[in-house]
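[1] here you go, sequence then predicted model.
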Amino acid sequence: MNPAYSVILFTTASGAGYGLLALLGLIGVRAGLPTSLLFACVTLVLALGLITIGLLSSTLHLGRPERAWRALSQWKTSWLSREGVAAVLTYPVALAFGLVWSGLAPYPHAIAALGMLTALFALTTVFTTGKIYATLTTIRAWNQPLTVPVYLFFALASGGALYLAIAALFGKDPDTVAPVAGFALLMLALLKFRYWKAMDEAPRDRTMGNATGLGDTVRQWEVPHTSTNFVQREMGFVVARRHAKRLRSLFFILLAIVGLLELAAIAAPAFALPAALIFLVGAWVERWLFFAEGEHVVTLFYGNPSA
Amino acid sequence: MTALPETTGKKLGLVIDLDTCVGCQACATSCKEWNTQGYSAPMKDRDPRGADIDGPWLNRIHGYEIEPQSGQDSRVVHFPRSCLHCETPACVTVCPTGASYKRAEDGIVLINPDTCIGCKLCSWACPYGAREYDVDHGVMKKCTLCVDRIYNENLEPEDRQPACVKACPTGARHFGDLGDPESAVSQLVLERGGFDLLPEMGYKPTNKYLPPRTKRNTPQPGIEALPKGDGSAMDRLFKLADRLLSGTGN
Amino acid sequence: MSAEPAIALSPKTWDEVKTTTCYMCACRCGIKVYLKDGTVTYIDGNRDHPVNKGVICGKGAAGIKQHYSPGRLSKPLIRVGERGSGEFREIEWEEALATATDWLGTVRKTDPKKLAFFTGRDQSQGLTGWWASQFGTPNYAAHGGFCSVNMAAAGLYTFGGSFWEFGEPDWKYTKYFLLFGVAEDHGSNPIKAGLGKLKKRGAKFVSVNPIKTGYSAIADEWVGVRPGTDGLFVGALIHELLNAGQIDGDYLLRYTNSPWLVIDNPGAADHGLFARDANGETLVWDAHKKTAVSTADHDAARSLMGHFTLPDGRKVATSFQLIAERYLAPENAPDAVTERCGVPADTIRRIAAELAHVAFKEQITLDVPWTDHTGRHHDTMIGRPIAMHAMRGISAHANGFQTCRAIHLLQIMLGTIDVPGGFRYKAPYPRPIPPHVKPTGKPNQIWPNEPLPGPPLGFVTGPEDLLLAEDGTPQRIDKAYSWDAPIAAHGMMHMVITNAAKRDPYGVDVLFMYMANMSWNSAMNIPDTLKYLTAKDQATGDYVIPKIIYSDAYASEMVHYADLILPDTTYLERWDCISLLDRPISEADGPADSIRQPVVEPDRDVRPFQSVLLDLGARLGLPGMTTTEGKPRYPGGYPDYIVNHERTPGIGPLAGFRGVDGSLSGKGAPNPDQLKRYIENGCNWYYELPDEHKYFKHVNKGYLEWATGFGLIGKPEPIIHQLYSEPLQKFRLAAEGHGAIQPPDSHRARIIEAFDPIPFWYPPFEGEMVDETAYPMHAVTQRPMAMYHSWGSQNAWLRQILGRNWLYIAKERALALGIKDGDWVTVTSHHGQIKGQAKLMNGVNPDTVWTWNAIGKRSGTWGLKQDAPEAKKGFLLNHLISELLPKRDGGYRFSNSDPVTGQAAWYDLRVRVEKAADQSAISSPQFPPLKHLGVGR
Ligand SMILES: Nc1nc2c(c(=O)[nH]1)N[C@H]1C(S)=C(S)[C@@H](COP(=O)(O)OP(=O)(O)OC[C@H]3O[C@@H](n4cnc5c(=O)[nH]c(N)nc54)[C@H](O)[C@@H]3O)O[C@H]1N2
Ligand SMILES: Nc1nc2c(c(=O)[nH]1)N[C@H]1C(S)=C(S)[C@@H](COP(=O)(O)OP(=O)(O)OC[C@H]3O[C@@H](n4cnc5c(=O)[nH]c(N)nc54)[C@H](O)[C@@H]3O)O[C@H]1N2
Ligand code: SF4
Ligand code: SF4
Ligand code: SF4
Ligand code: SF4
Ligand code: SF4
Ligand SMILES: [Mo]
């Protein structure tokens, strides 16, 4: 699949945003008390800002952005629609939470409940995003049980890294977020490792032979068109195996560095800043790979022997 | 809209004979031509004079080669590919807007150009590459089974068939109701062992492909070999000439 | 679930539909053009048209993009810079016509043959040939000479018809179809429709072709013959059938010259000619009377075989005896040819057996009574359901004439010409063998300000018909009808520029061309052709070809090399006439012709070429085009001519709706409403023959009489197939030293070899003359189904499908040469080198490489951007093909053509393929980009 920057931006930015938002909600649940106005504003604005940037970038990349509202209508069947609904619903919940959590609205007893709801909506949104990909049977790499968990832990880990960095900036005790972020990071590494293993081990049993009905020994002879078309550009992108392997290693190395820095941040919170930055680099690599390694069955018609 | 109809009145679709298709592209260009002014308009091309020309097409003709298998020749197969109007296509269910839908009446899978937001997810969900994005229109395009021809009362009754079927010079393309076991297309599928593309994907394509037939490049039963050269050919010809003389012919 | 959107199921996207005839290729299908507010929106096939019956092809359906192409020319141009520089000035039509009249008038006043008028893919040869003849120049031809004239001639000299568009397989009844060397053909849609029919009926389809794509891909059997060797394969089939006595003796005795007696008198002037009686009648041997009798004696007991002695002592043999002796010789046995032609001997034997089986065990009988030329009544029509067809895989070789004759021999031996299930004539064929039209242009036939006494092109029957100057040198600029190419029935377009630039046999003053991309894809040896077009005379400083007038509709490569451009309309903007006097669109079931009508008005300052030609004719005062008062005879232009011109009284360009009230067909007075009637009839006219006239037309009394009345043939005489060809023998005798008109010594051996009256095989010249170890491979092109020569590339739809080409090579051979899929390779011939990208495949004869024809474009032409893949990745084989053969002993360089007919031998090309040292993704040679001369230049 074509690793278009808009989709990468959307999934990394909004993933981090929702992760952060979920963590803020959880903090609210745990603390049950308002935090400082400034801290609440910065973290919430950052979370919602990231979410909004992501959503905007994907909306603007629609062919007909002005009709984007229509995407909310098919929540009964479409995960993309559900994502839209969840994303939209998350805003008022998060805002309400923000109001009480920041103390702007004096309803401290609502903090826990709204925090819970915010975390739930944020994670649901991430869940639906994961589902969009995980349910696409046309792309084996995505269509596996680990896709959604990876999305979730990805969000939490990136949100965690961000939170730690902001907490460090504010000289705040990261509290339980630190172990959560660490745990998410570990899970992400583990799940992503298993994800890739599953992907590599899955039999590539969809063949050009099945696609064309022409048997095992079929191969492309004449291209249907000498100019490239939408399908080839959108679905025909495949990263070279060797290249992918290197990028995967890079991703794990970056995660390991993030992990070490986050550990170090226990002693010296300032380490949380580079940790977050490096995580974002790692996120970009992973997202890019996620698309680039997503081999679409349609490539079978265009010369790919199996997928 | 995005929900699939439980059943459809008809299952209209195409049957494409891979034993007859010569890869002439008539179905591809007549499809482009009809749709560029019909239901799917505009279907405009970008950079039409330059190196990166590109535009949406709803039908593309591939050329495959089957590598020689033991004792058999290799073979070239021309392979038209368009929307298969699947019975359970994810291209419809993933659509967030309901623009992508399957008609309950006849099973045609269509995109509503007025509500499609051009999110492209349906094209990701289609295993067959049948959906092409129209940059100029900002919406997804696909084969409409010429829904604006097959019922079109402004066309002569015999022209109420898909543009590609009407165009096809070899008659390799057939159109009809695959839900009716008595229809000509269903019979053809039965007779010729018509098959589905990627059946394991579970999309249940309506369109069927007829497989290339076995070559007839080996001795056929009932055809006697000719006598080997034995030096008596001239005699045989003379005898034949004699027989002709006594025949009624002269 | 919400409701489905309501969609308009009956949109009417047009406000008008007009019929006309397609010209995206030469197939000439009937089309319906849908218009909205005067703009073309949709084109589809016309169901009521005899050619395509409703279908359309990939090109035809893309016609809109051709019609609205930015590659169109928009105004007359006159050259102001050097030739090839692209410096032109737009001029008004009046200036253009006055200039042309001036240039042409000067030639006509002095020496009319100094005008060379050549028209490429012309569909109005009825007009253009007549115009040349009225002008008084013999130097006229259309594209036939580089296209497939050897096949046309082989058929016309053998059975009075031909492959090409002169006949077609009996798609309805044939059970076995043998196709030689066809990728697409002129009968584009009819062949596809026919193959579809065969598939439906389960008839067997065998394709003989070095490449297994397109039609060959769907064949039941592919015979991957090595290029240029079909004659061997066919010869071996004939050998097998003769050996087994599997021939249609009745057919041979009755309808062919098989029993005719040939004089056996080696060394004498009558050797190999037909024995004749005192009345000049040819003879057959009556086995009962034991003597020779006239072939007109239909009751004789005709001997098919045998050597005899005539009462006057002359030794004779039947034609068929000689044929049998030739083909039974061991060198024609399958085992002897298999290695050279690349077809396994067992395959040859099996196919021969299948032919015999289908011909004689699966014959079909139609309950249609008919009467043959002798008055014999037949209750039924018996068909041997084997059909054959061939095109450029046969004709683009220097041995194509004889190979094609061998195929006809095979067809005729099996009794399959114009029988149910066989190969059928299309009107105006069959015609006498050869047609009774002689070429004109002998020295005493060319005079200043005088028309020729006849047409420039025709059919020679012996050396006396050649067009030779007093000194025996060629009389025509292309050397057609000279000893270089005696039976050049369609001229030799591919030699014109070379010969004119070399002033061999003489220089011309004006080269006038129409619709032929002679500086690119229809030229052999493009680099030198460009030099010839721009060569200057050292003495005068003027161009050696002083003036070039050209009419094209598009900004082709050729436009740049002309001095005066007459921009033509597109096919949707003009009248045209697809006439029985030209190349037919008839059906085997009856004659047909058609017209084009302008469905839209030109939006540019362009004029239909045919009308321009008539205008020039009138300005020049050409007799046929001016009235006695010196006024234009056809002031209404081409439509006026189509309706009112009469070739001979009652016979005009169109056969339908003749007579003042439109009630006559074939012959009849001009009908002022003729075009209206055609339009009402979907722009075509078709007459279906009655069943009893549909087959055996060459010997069908009823048909022959009808055809005479209709004006297709002169007399209701049978057309007896000439398996043994006497005209060929006449040329051969001359080369052996007999008679007054003799070839130069340099030509004798070649004539003696090639003019064999019995078909035979010889190696294609290029293969024979170049070192086979240095150039081990054959290189050929194929027509892509969705592109028409050079025209298609400007089409925004078609160029997405095929915007560049590759060099296809057999996998095993590529691997042996160290070439991988996608490598850039050089292809080298004795003449030049090109670079292109390789693609590997299985379905190609291992000694053959190939590519799609005419995809490579010169940068900047056709309204394409300079970096278009057509120019940067596309390539042509034409750079590698020399128009002249390597020097022979004595230093003479013959043209790279069939020695009998002058047909260009495009596919004799021998090459070497190597991985290119330079792997950059660009083809070579690259020529400097040309300026855009089309719309909005
Ligand atoms: N779409 C399209 N249609 C066209 C044209 C076009 O440009 N495009 N051009 C028109 C014109 S001008 C012409 S002349 C006709 C020509 O129509 P075709 O005769 O179909 O022309 P080619 O494509 O040259 O096909 C020649 C075939 O012969 C094969 N061949 C080459 N050498 C040999 C040989 O030695 N033996 C045998 N058996 N086969 C051989 C080649 O592989 C190829 O398949 O097509 C006409 N129709
Ligand atoms: N290597 C290789 N070369 C070949 C062949 C091959 O098989 N291989 N085939 C040969 C054969 S058989 C042929 S017939 C020739 C064909 O060669 P050409 O006859 O040169 O064919 P085209 O490329 O079609 O070019 C004809 C010209 O007509 C112009 N034209 C198109 N429509 C119109 C119109 O309506 N009016 C006017 N006035 N002009 C128009 C086009 O713009 C183009 O410049 O090519 C030959 N060249
Ligand atoms: S072929 Fe693709 S676009 Fe068509 S119905 Fe099936 S899944 Fe949908
Ligand atoms: S591109 Fe259009 S039709 Fe496809 S899923 Fe998106 S909204 Fe639906
Ligand atoms: S049915 Fe219509 S839209 Fe579909 S491929 Fe054929 S022509 Fe195109
Ligand atoms: S029109 Fe018919 S023969 Fe031509 S490519 Fe399409 S299906 Fe094949
Ligand atoms: S075969 Fe030729 S004439 Fe017929 S529709 Fe196609 S391009 Fe037009
Ligand atoms: Mo041609």
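    Looks like it arrived, so ask away. Ligands and ions are numbered 1, 2, ... in the order given.

[2] so residue C:313 belongs to a helix, correct?
    No: counting by DSSP: H, G, I helix; E, B strand; the rest coil, residue C:313 is not found in a helix; it is coil.

[3] okay, now it: neighbour count?
    Here the number of neighbours of residue C:313 (other Cβ atoms under 10 Å in any protein chain shown) works out to 6. For the C-beta atoms, the positions are set from N, CA and C on the backbone; glycine is no exception.

[4] for it, grab phi and psi.
    With angles defined as degrees, to the nearest 10, residue C:313 sits at phi 90, psi -10.

[5] what of the one 10 residues further on?
    Torsion angles at residue C:323 (phi, psi; degrees, to the nearest 10) stand at phi -70, psi -50.

[6] could you measure from it over to chain A?
    42 Å (Cβ to the nearest Cβ, to the nearest Å).

[7] residue C:581 too?
    40 Å.

[8] again with residue C:649
    Note on residue C:649: its distance to chain A, by Cβ to the nearest Cβ, is 54 Å.

[9] what pLDDT does that residue get?
    Looking at residue C:649, its pLDDT is 95.

[10] now it: phi and psi?
    Per-residue torsions, residue C:649: phi -50, psi 130 (degrees, to the nearest 10).

[11] tell me, how many residues neighbour it?
    By the criterion of other Cβ under 10 Å, residue C:649 has 10 neighbours.

[12] from what I can see residue C:696 touches residue C:371, true?
    No: with contact defined as Cβ atoms under 8 Å, residue C:696 does not reach residue C:371; the gap is 9.6 Å.

[13] and the two? which has more neighbours close in?
    Using other Cβ under 10 Å as the criterion, residue C:696 and residue C:371 rank with residue C:696 on top: 31 against 16.

[14] which residue packs closest to the residue in the stretch 151-300 of chain A positioned nearest to ligand 1, ignoring adjacent ones?
    Nearest residue of the stretch 151-300 of chain A to ligand 1, counting by Cβ to the nearest ligand atom: residue A:222, 14.1 Å away. Distance criterion Cβ to Cβ, 6 or more residues apart in numbering or on different chains; nearest residue to residue A:222, sequence neighbours excluded, is residue B:63 at 3.0 Å.

[15] thinking again about what came up before, can you give me the neighbour number for the residue of the stretch 151-300 of chain A closest to ligand 1?
    22.

[16] and it, what does it touch?
    B:23, B:62, B:63, C:213 (Cβ atoms under 8 Å, 6 or more residues apart in numbering or on different chains).

[17] contact partners of stretch C:73-84?
    Contacts to stretch C:73-84, defined as Cβ under 8 Å, 6+ apart, come from residues C:87-93, C:95-96, C:99, C:530, C:533-534, C:543, C:548, C:552-555, C:559-568, C:604-606, C:930, C:933-937.

[18] among these, which are in strands?
    C:88, C:89, C:90, C:548, C:564, C:565 (DSSP state E).

[19] elements contacting the host helix or strand of the residue nearest to residue A:222?
    Per DSSP states H and E: residue B:63 is located in strand B:59-66. The elements that strand B:59-66 packs onto, with contact taken as 3 or more Cβ pairs under 8 Å, 6 or more residues apart in numbering or on different chains; DSSP states H and E, are helix A:208-212, strand A:218-222, helix B:26-35, strand B:75-82.

[20] give me the mean pLDDT for stretch C:583-595.
    The pLDDT scores in stretch C:583-595 average 95.

[21] in it, what counts as buried?
    C:583-595 (16 or more other Cβ atoms under 10 Å in any protein chain shown).

[22] next: stretch C:432-452.
    Quick answer for stretch C:432-452 (16+ other Cβ under 10 Å): C:432-435, C:438-442, C:445-446, C:451-452.

[23] repeat that for stretch A:296-304.
    A:296, A:297, A:298, A:299, A:300, A:301, A:302, A:304.

[24] need the three-state assignment for the last one.
    At residue A:304 the chain is in coil, as set by three-state DSSP.

[25] any idea how far residue A:295 is from it?
    7 Å (Cβ to Cβ, to the nearest Å).

[26] and for these two, which residues touch both?
    Joint contacts of residue A:304 and residue A:295 (Cβ under 8 Å, 6+ apart) are residue A:238.

[27] between the buried residues of stretch C:432-452, which is closest to residue C:39?
    Nearest to residue C:39, judged by Cβ to Cβ, of these is residue C:451 at 43.8 Å.
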